[in-house]
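[1] got a predicted structure plus its sequence, pasted below:
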Amino acid sequence: MATVSKRKRKPAGSAPGSVVYVGSEKNSPVTISRLAYNSAGYEPARELTAAECRPPGDGEGIVWYTVDGVHDVEALKTIGDNFGLHPLVLEDISNTTQRPKIEAFEGYVFIASKMMSSDGRVAKVKSEHTSIIYGKNFVILFLEDPGDLFQPVRQRIEAGKGRIRRCGPDYLVYALLDATIDYYFNVIEAVGERIERLEDEVVNKPTAATLSGIHKVKREIISLRRTVWPMREVVNGMVRDESPFITDETRIFLRDLYDHTLHVIDSIETLRDIITGTLDVYLSSISHRLNEVMKVLTVMSSIFIPLTFIVGVYGMNFKYMPELEWVWGYPAVWITMVTLSVGLLAFFRRRNWL
């Protein structure tokens, strides 16, 4: 039996800026890590408490904070007080149903996004709420669930590959968003493979499970589309915003990321058209199978109708029926029925009804 996970919701009528966790119930502790780097080197990640999560000094380089878990409201409030975050920002961070968006404040920029990934078995698409806050020399990444999907970005910082150490926090934000979009491509590929399997089932042997699979994929595509379309606005807002926290050099990469976002959107629209066509093919296939069954039954009925008429006539209990006293009457009736059946079968085959 299917079960519905319990989700905490914000009470109706709450004051704006009320920090209330909205999402699946969690009991795991919130962990916070700090990683610092500059063009000369980097400081390995280390854990710290919410009270220790404070704005870095001017000589500390770029500091990347990662908060695993947004269900601890008190920890969020502590971090918000240390960095001077607006209560509405904290409200959006703790609300896992928040749609992707970008907002600029004095001293920092807030970005809400959705990370989507496949479990590797192409069986389920997982969606995770993520939030990014970045300023002059810091980036704070809030993750809904434990397990860092941005580990490749960390490895690039540790290895000193590319330009990530030489650039500011805006480039780190670009790297995080770029990784998010890359995961979208992986999900689209996984969903595309599922659609291919469903197409084979629809053509070969559609079942009720096939219809259920089509509807599941259709819901996942709708969820993908609802996530990616606002992400286009987020990236476009970073490209066009004249914020002092975004350099012209990083805007070039953001424009390329915007093109990737449009590519994802086009791929999602294509998948939506394909799954809609697959559903139409499924309905047509089921209708065709039903028509084939009805055709066979109709042919059988057409053959047995005249035979039923013959046996019905000679099954009447009239006293004066000459054929009943004829010695060849019984064989004659059988010859007539067999001839009639063979003739009808030949007629149906000539008309390509069989």
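    Great, that's in hand. Numbering: from 1, shown residues only.
[2] could you say what helices and strands the helix or strand harbouring residue 337 packs with?
    Using DSSP states H and E, residue 337 sits in helix 329-350. Contacts defined by 3 or more Cβ pairs under 8 Å, 6 or more residues apart in numbering; DSSP states H and E place helix 329-350 against helix 248-313, helix 322-325. (Each C-beta comes from the backbone N, C-alpha and C, glycine too.)
[3] adding distance to residue 27, mean pLDDT and mean neighbour count, write these out as CSV.
    Listed next are the helices and strands packed on helix 329-350 as CSV, based on distance: least, Cβ to Cβ, whole Å; pLDDT from 0 to 100; neighbours: other Cβ atoms under 10 Å:
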stretch, distance to residue 27, mean pLDDT, mean neighbour count
helix 248-313, 34, 88, 14
helix 322-325, 90, 75, 10
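[4] could I get those as JSON lines with distance to residue 70?
    Compiled in JSON lines, these are given as follows (distance: least, Cβ to Cβ, whole Å):
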{"stretch": "helix 248-313", "distance to residue 70": "24"}
{"stretch": "helix 322-325", "distance to residue 70": "92"}
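[5] could you point out which of those sits nearest residue 96?
    Nearest to residue 96, of all these, is helix 248-313, at 21.5 Å by Cβ to Cβ.
[6] and the closest one with helix 329-350, angle?
    Computed by axes from the mean of the first three to the mean of the last three Cα atoms, to 10 degrees, the angle separating helix 248-313 from helix 329-350 equals 160 degrees.
[7] for helix 248-313, name the packing helices and strands.
    Counting by 3+ Cβ pairs under 8 Å, 6+ apart, helix 248-313 packs on helix 169-204, helix 208-240, helix 329-350.
[8] domains of the protein?
    Here the domain parsing of the chain from automatic domain parsing is 14-284, 294-350.
[9] and residue 226, which of the helices and strands packed on helix 329-350 is closest to it?
    Nearest to residue 226, of these and by Cβ to Cβ, is helix 248-313 at 10.0 Å.
[10] who's the closest spatial neighbour of the residue most central in space within the chain, skipping the chain neighbours?
    Residue closest to the average C-alpha location in the chain (Cα atoms, centre = their mean): residue 220, at 3.2 Å. In this structure, residue 220 finds its nearest non-sequential neighbour in residue 125, 5.0 Å apart by Cβ to Cβ, 6 or more residues apart in numbering.
[11] ok, that neighbour - how many residues close by?
    Residue 125 has 22 neighbours, counted by other Cβ atoms under 10 Å.
[12] quick one: contacts for it?
    116, 117, 118, 187, 190, 191, 220, 223, 224 (Cβ atoms under 8 Å, 6 or more residues apart in numbering).
[13] what about the third one, distance to residue 274?
    Which is residue 118. Counting by Cβ to Cβ, to the nearest Å, the gap from residue 118 to residue 274 is 18 Å.
[14] what do you get for residue 296?
    From residue 296 to residue 274 the distance is 33 Å (Cβ to Cβ).
[15] and residue 37, by the same measure?
    For residue 37, the distance to residue 274 equals 43 Å [Cβ to Cβ].
[16] and if you look at residue 61?
    47 Å.
[17] try residue 292
    According to Cβ to Cβ, residue 292 and residue 274 sit 26 Å apart.
[18] for residue 249, what are its contacts?
    Contacts for residue 249 were tallied using Cβ under 8 Å, 6+ apart; they are 167, 171.
[19] run through the helices of the stretch 51-200 of the chain in chain order.
    In the stretch 51-200 of the chain, the helices defined using DSSP state H, counting those that start in this stretch lie at 73-83, 87-94, 151-159, 169-204.
[20] per-residue pLDDT, the residue nearest to the centre of the chain?
    Here, the pLDDT recorded for residue 220 equals 87.
[21] one more: residue 13?
    At residue 13, pLDDT is 55.
[22] same check, this time on residue 133
    95.
[23] which ones are touching the closest residue to it other than its chain neighbours?
    Nearest residue to residue 133, sequence neighbours excluded (Cβ to Cβ, 6+ apart): residue 140, at 4.4 Å. If you count contacts by Cβ under 8 Å, 6+ apart, residue 140 has them with 53, 65, 66, 67, 79, 83, 132, 133, 134.
[24] and residue 89, what is it in contact with?
    80, 103, 105, 110, 133.
[25] how about those, which pair is most distant?
    80 and 103 (14.6 Å).
[26] the more surrounded of the two?
    residue 80 (18 against 14).
[27] my guess is the more buried one meets residue 88, correct?
    No - using Cβ atoms under 8 Å, residue 80 is not in contact with residue 88; the gap is 10.5 Å.
[28] tell me the least confident of the contacts of residue 125?
    Within those, pLDDT reaches its minimum at residue 118, with 76.
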